[in-house]
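Colleague: Make a model of this:
(chains A and B)
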Amino acid sequence: MIDIRDLTLRYPGVTVLEVPELSVAAGSVTYLLGSNGTGKTTLLRCICGIIAPATGTVHVNGAPVRAGHSTPPGLGMHLDHRAFDPRHTARRHLRWIARARGIAPARVEELLRLVDLHEVADRRLGGYSLGMLQRVGIAAALLPEPTTLLLDEPLNGLDIAGIRWMRALLRRLADEGVCVLITSHLLDEAERNADHVVIIGEGRVLADRPLIELLSEEDGSPRRLEDAYLSVTGAATATRAAEGATR
Amino acid sequence: MTVGAARPDSGGTQLRRALAAEVTRTGGRGFLWLVAVPLAVVLPLVITFGIAVVAERFADSSGTFRVTSVDTDNAVYWVITFTTSIMMVTAAYAHAAQTRGDLRDLGAFLFPRAWTSALARWIFYGAIAAIVSLLLLVLVLVSLPALFPAVYGGVDIGDAAGVRFLWTVPIYAFAACGVGVAAGAAIRTPSAAVAALLFWVYVVENSINLLPNGYTLQAYAPFLNGVAATGQQMAFLPRFGPDGSLLYFCGAAAGLFALSVLAGTFGPRRRREGRG
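Modeller: The predicted model follows:
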């Protein structure tokens, strides 16, 4: 699971993230939603220990994340489908990551079959389609048999069969107790697959609720996630505008 | 699935894994084994034996040219120069390419302590450079007097100069790869790192004596001191004596490595913004 307390991240002249408290539970699929540039990927990078926050703590699977110290144990991540050497084959890329994390190479073969790339594993990554690269990234994230899994827009580029496969995979992992945190702009997919939804805007958590709650209006009538999302982010925008007007 | 918080990996474990990862990353049909190492072997051999063939021909002829014999201390210059330089710039390119652009986040995740992947690359490329240079030294020092006795008959792997080459050149080559990794860490554009290294080694250090008081500065040139420390015959006296200059070069390599890796670890981040 992921536990964040009092996290702030500032760049000169701007607060990028301000998260007083956020927990992502084990055994669930949590979608992290937000517009472009609102800090979703940056938050994932803080959780991975790639960026050190200015203040606050991040715990993954109970262990504190210390940027520049060690890779959080039990954490798998796929942040960027372009993070590969185009001259390398999928097999070599995954073996490299496995070696770096102290994982036996046999696990690579297992995952190549899982993501259905075993027949093209010796082709160069530079010739892979976006969907195939996403599968390579997902295989890389699953290498350590993660108890916490971070995926940054992994559905981009996947075809219909790939999306269905991903949906089933995430559900199976959550059922096995894995904490899955996934960013996406595909609200229909989130509505179909999420247990929990976190919406962020301008680096702040605007909503952190079970999906089923978000899909209910205050009077109890049902609504789509898209409407809930726009309601939450629209309300935040209106609040900021009002704050600006009173200054 | 694994359950529970495992212990974080120590620096030693990360270094060992980084080394294994680099071996895996560069294995098979890649630039290192298809281009860099073959070039580091073939280029000095072609030049050394090309010169030897021509020199021997002139020595055998009764023409107006007179070819002087070559001693051991001038027989392996091209091995020292090219093998070392090629492996050094290969290390620089590899490190710069792996710590920038799209691979930067993945690299920072896999190798959170920046020094572990940098040191692993130094050890890996340094070991290859040392082994390749040692093999080439033996090959050249044994075959030159046998194949070209008129000019290279005085070359002897067992004399003082030959024995000195056998241990100093591999050390020099190993240390040079540390400079390469340091350049790759400091200048994160691979081609720029390579260009800067070559410019320094072949232009700056050799022409700095043209400046006012340049000779004083040149006396401290690390690569010139390193090459001179191997015992190679050259118009440059090692500033700190043969062994001292080798230590000086190794110290300069270690210092540059430490500075560049520390700067990469604690310096301003070059890519701050997230995507979403």
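Colleague: isn't there a helix covering A:Leu151?
Modeller: No - A:Leu151: not assigned to a helix; according to DSSP: H, G, I helix; E, B strand; the rest coil it is strand.
Colleague: just checking, it touches A:Ala140?
Modeller: No - at 10.8 Å, A:Leu151 does not count as touching A:Ala140 under the criterion of Cβ atoms under 8 Å. Using the backbone N, CA and C atoms, a C-beta is placed for each residue, glycine as well.
Colleague: May I have the residues that are in contact with B:Ala97?
Modeller: Residues in contact with B:Ala97 (Cβ atoms under 8 Å, 6 or more residues apart in numbering or on different chains) are A:85, B:103, B:184, B:190.
Colleague: go again using 7 Å as the cut-off
Modeller: Counting by Cβ atoms under 7 Å, 6 or more residues apart in numbering or on different chains, B:Ala97 makes contact with B:Pro190.
Colleague: intersection of neighbour lists for A:Leu151 and A:Ala140?
Modeller: By Cβ under 7 Å, 6+ apart, the residues touching both A:Leu151 and A:Ala140 are A:His78.
Colleague: all helices of the chain, in order?
Modeller: I went with chain A, as the question did not name one. For chain A, the helices defined by DSSP state H cover A:40-48, A:90-100, A:106-114, A:130-142, A:160-175, A:187-193, A:211-214, A:225-246.
Colleague: think we crossed wires, I meant chain B
Modeller: Counting by DSSP H, chain B has helices at residues B:11-26, B:31, B:37-60, B:77-78, B:84-98, B:104-110, B:114-147, B:149-152, B:160-186, B:190-199, B:205-207, B:214-218, B:222-229, B:242-266.
Colleague: Spatially nearest residue to B:Ser191, not counting backbone neighbours?
Modeller: B:Tyr93 (7.8 Å; Cβ to Cβ, 6 or more residues apart in numbering or on different chains).
Colleague: Verify the stated contact: the one you found with B:Pro190.
Modeller: Yes - B:Tyr93 is within contact range of B:Pro190, at 4.5 Å (criterion: Cβ atoms under 7 Å).
Colleague: Check residue 168 and give its pLDDT.
Modeller: You didn't say which chain, so I picked chain A. Predicted confidence (pLDDT) for A:Ala168: 94.
Colleague: oops, chain B please
Modeller: Per-residue pLDDT puts B:Thr168 at 97.
Colleague: wait, it sits on B:Ala228?
Modeller: No - taking contacts as Cβ under 7 Å, B:Thr168 lies outside contact range of B:Ala228: 10.1 Å.
Colleague: How about the residues of the stretch 51-200 of chain B by chain A?
Modeller: Residues of the stretch 51-200 of chain B lying close to chain A (Cβ under 7 Å from any Cβ of the partner chain) are B:102-103, B:105-106, B:108-113.
Colleague: Could you identify the buried members of the residues you listed?
Modeller: For those, a neighbour count by 16 or more other Cβ atoms under 10 Å in any protein chain shown gives the buried set as B:103, B:105-106, B:108-113.
Colleague: circling back to that earlier point, with pLDDT added, can I get the residues of the stretch 51-200 of chain B next to chain A in JSON lines?
Modeller: Output for these, formatted as JSON lines (pLDDT from 0 to 100):
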{"residue": "B:Asp102", "pLDDT": "81"}
{"residue": "B:Leu103", "pLDDT": "85"}
{"residue": "B:Asp105", "pLDDT": "90"}
{"residue": "B:Leu106", "pLDDT": "92"}
{"residue": "B:Ala108", "pLDDT": "90"}
{"residue": "B:Phe109", "pLDDT": "92"}
{"residue": "B:Leu110", "pLDDT": "93"}
{"residue": "B:Phe111", "pLDDT": "92"}
{"residue": "B:Pro112", "pLDDT": "90"}
{"residue": "B:Arg113", "pLDDT": "90"}
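Colleague: Spit out the contact partners of residue 43.
Modeller: No chain was given, so I picked chain A. A:Leu17.
Colleague: let's do chain B instead
Modeller: B:Phe82.
Colleague: pLDDT wise, what is it at?
Modeller: pLDDT recorded at B:Leu43 is 97.
Colleague: And B:Thr90, by the same measure?
Modeller: Value for B:Thr90, per-residue pLDDT: 97.
Colleague: what's near enough to touch it?
Modeller: For B:Thr90, the contact set (Cβ under 7 Å, 6+ apart) comprises B:32, B:36, B:125.
Colleague: what about A:Val65, distance to A:Thr57?
Modeller: Separation of A:Val65 from A:Thr57 (Cβ to Cβ, to the nearest Å): 8 Å.
Colleague: Of these two, give the one with the bigger neighbour count.
Modeller: Each of A:Val65 and A:Thr57 has its neighbours counted (other Cβ atoms under 10 Å in any protein chain shown); A:Val65 has more, 26 against 13.
Colleague: Lowest average pLDDT across the helices of chain A?
Modeller: helix A:225-246 (a mean of 78).
Colleague: would CSV of the residues of the stretch 51-200 of chain B next to chain A with distance to B:Val163 be doable?
Modeller: Shown next, in CSV, are those (distance: Cβ to Cβ, whole Å):
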residue, distance to B:Val163
B:Asp102, 48
B:Leu103, 43
B:Asp105, 49
B:Leu106, 46
B:Ala108, 45
B:Phe109, 47
B:Leu110, 42
B:Phe111, 39
B:Pro112, 44
B:Arg113, 39
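Colleague: so how many other residues sit close to B:Gly214?
Modeller: Neighbour tally, B:Gly214, other Cβ under 10 Å: 12.
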